[in-house]
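K.L.:
Output the structure for:
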Amino acid sequence: MYRPPEMQVRFPRDDAGLRMMQLPDLRINYTPIDPDFLDRPVISVCIETRQNDDELPMHVHKKGQLVVASRGSVMCRAPDGLWIVPPQGAVWIPGGVQHSNCVSSFGKIYCVFIDPRAMKLPSGCCTFTISPLVRELIDRLASFPPLYPVGGPTSRLAQVLLDELVQMDSEQMYLPISRDIRLQQLAAALLRDPGDRSTLDEWAERYAMSERTLARLIQKQTGLTFGRWRQRLHILVALQRLSAGISVQTVSQDLGYETPSAFITMFKKALGKSPRRYLADRKISGISRTN
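P.N.:
Residues are numbered from 1 along each chain as shown. Reported below is the predicted structural model:
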């Protein structure tokens with residue numbers, strides 16, 4: 001069996017603040033590879049996690065990375081925010097961006113590494129809606145060695161995948177976070193306990209700040225009010241858990257809502273649809289892209 005070389009993790013010099021941000025129990029442990037070592041325009045790698053593994057530290061490589069969840073949930077961490085792989089979707093991380101991918105226990109994901117010279121994709125992190133065809137192409141490409149023959153059938157398969165990827169529609173489903181350690185700590189606390197309903201004043205007191213100072217910090221760094229920012233976090237956590245098959249009732253309780261109807265009302269105001277309709281439409285949208 002082909003064994004690619006282990007990745008030489010390159011840590012950015014300004015990663016101290018991000019290292020201090022403690023994420024919830026989403027971890028990953030595998031033998032990573034260095035995609036920059038593999039001279040192919042696109043490669044696909046399937047990764048399956050075990051229970052209670054370690055997260056791969058923040059790192060960076062030249063090639064861009066598309067993260068697709070097949071089983072379980074995935075959270076991608078970057079300097080400007082947290083990105084949760086959406087249902088029927090993927091997260092794009094451009095080359096040169098420091099990041100870390102955290103996968104739930106017993107999860108299965110695909111990492112597609114793309115040479116920036118092979119195609120033009122967004123210069124910033126974003127989410128994509130992908131079709132079942134793209135999923136199948138990614139899965140099929142992952143079954144071949146990363147150093148597949150140039151000009152052969154696998155190479156043609158990779159080109160078809162690139163042709164399909166360039167047609168994907170991008171989205172901005174993420175939680176904006178700055179390098180300010182206080183905001184990172186606040187986000188980490190809410191991710192550990194998204195049902196925490198502490199007021200802005202109570203949060204400010206924990207960080208030895210006035211309510212007005214914390215409000216201004218959040219607005220300046222994220223472009224959102226505290227209420228909108230926490231709501232965005234709730235939406236992302238909800239999508240993560242609902243796509244994993246957890247019921248609306250359980251999710252609403254986990255997020256601190258008194259009733260499922262209150263949670264559904266918030267979800268509809270934010271995304272224009274009920275949770276069930278939103279997930280169903282995304283599935284239909286993904287299927288329609290193959291027709």
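K.L.:
next one: phi and psi at Leu183?
P.N.:
When read as degrees, to the nearest 10, the backbone of Leu183 gives phi -70, psi -40.
K.L.:
surely it meets Ile177?
P.N.:
Yes - using C-beta atoms under 8 Å, Leu183 makes contact with Ile177 at a distance of 6.0 Å. All C-beta atoms are positioned from the backbone trio N, CA, C, and that covers glycine.
K.L.:
Let me see the contact set for Arg40.
P.N.:
Shown in contact with Arg40 (C-beta atoms under 8 Å, 6 or more residues apart in numbering): 115, 146-148, 150, 158.
K.L.:
Including pLDDT, distance to Arg197 and secondary structure, could those residues go into CSV?
P.N.:
Shown next, in CSV, are the contacts of Arg40 (pLDDT from 0 to 100; distance: C-beta to C-beta, whole Å; DSSP: H, G, I helix; E, B strand; the rest coil):
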residue, pLDDT, distance to Arg197, secondary structure
Asp115, 94, 46, coil
Pro146, 91, 47, coil
Leu147, 91, 52, coil
Tyr148, 93, 52, coil
Val150, 91, 57, coil
Ala158, 95, 48, helix
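K.L.:
Chain neighbours aside, what residue packs nearest to Gly256?
P.N.:
Counting by C-beta to C-beta, 6 or more residues apart in numbering, Gly195 is the residue found nearest to Gly256 once chain neighbours are left out, at 3.5 Å.
K.L.:
Revised request: answer the last question for Ala244.
P.N.:
For Ala244, the closest residue by C-beta to C-beta, 6+ apart turns out to be Ser73, at 5.6 Å.
K.L.:
How about Asp254?
P.N.:
Gly195 (5.7 Å).
K.L.:
quick check: mean pLDDT across the longest helix belonging to the chain?
P.N.:
Taking DSSP state H as the criterion, the chain has its longest helix at helix 226-243. Across helix 226-243, pLDDT averages out at 90.
K.L.:
ok so, going back, give me the pLDDT for the residue nearest to Asp254.
P.N.:
On the pLDDT scale, Gly195 is placed at 94.
K.L.:
Tell me if it really is in a strand.
P.N.:
No - membership of Gly195 in a strand is not supported by DSSP: H, G, I helix; E, B strand; the rest coil, which gives coil.
K.L.:
Does it touch Gln253 like I think?
P.N.:
Yes - the criterion here is C-beta under 8 Å, and Gly195 meets it with Gln253 at 7.5 Å.
K.L.:
in the longest helix of the chain, what counts as buried?
P.N.:
For helix 226-243, burial by neighbour count (16 or more other C-beta atoms under 10 Å) applies to 226, 229-243.
K.L.:
Count the residues that sit near Thr154.
P.N.:
Residues lying near Thr154 (other C-beta atoms under 10 Å) number 18.
K.L.:
which non-adjacent residue is nearest it?
P.N.:
Closest residue to Thr154 apart from its sequence neighbours, by C-beta to C-beta, 6+ apart: Tyr148 at 3.8 Å.
K.L.:
So the one you found sits against Arg156, correct?
P.N.:
No - applying C-beta under 8 Å, one finds Tyr148 not in contact with Arg156, separated by 10.2 Å.
K.L.:
outside of the particular helix or strand that has Lys268 in it, which residues touch it?
P.N.:
Per DSSP states H and E, Lys268 falls inside helix 260-271. With C-beta under 8 Å, 6+ apart as the test, helix 260-271 has contacts from 231-232, 234-235, 238, 248-249, 251-252, 255, 257, 273-275, 278.
K.L.:
Cool, thanks, signing off.
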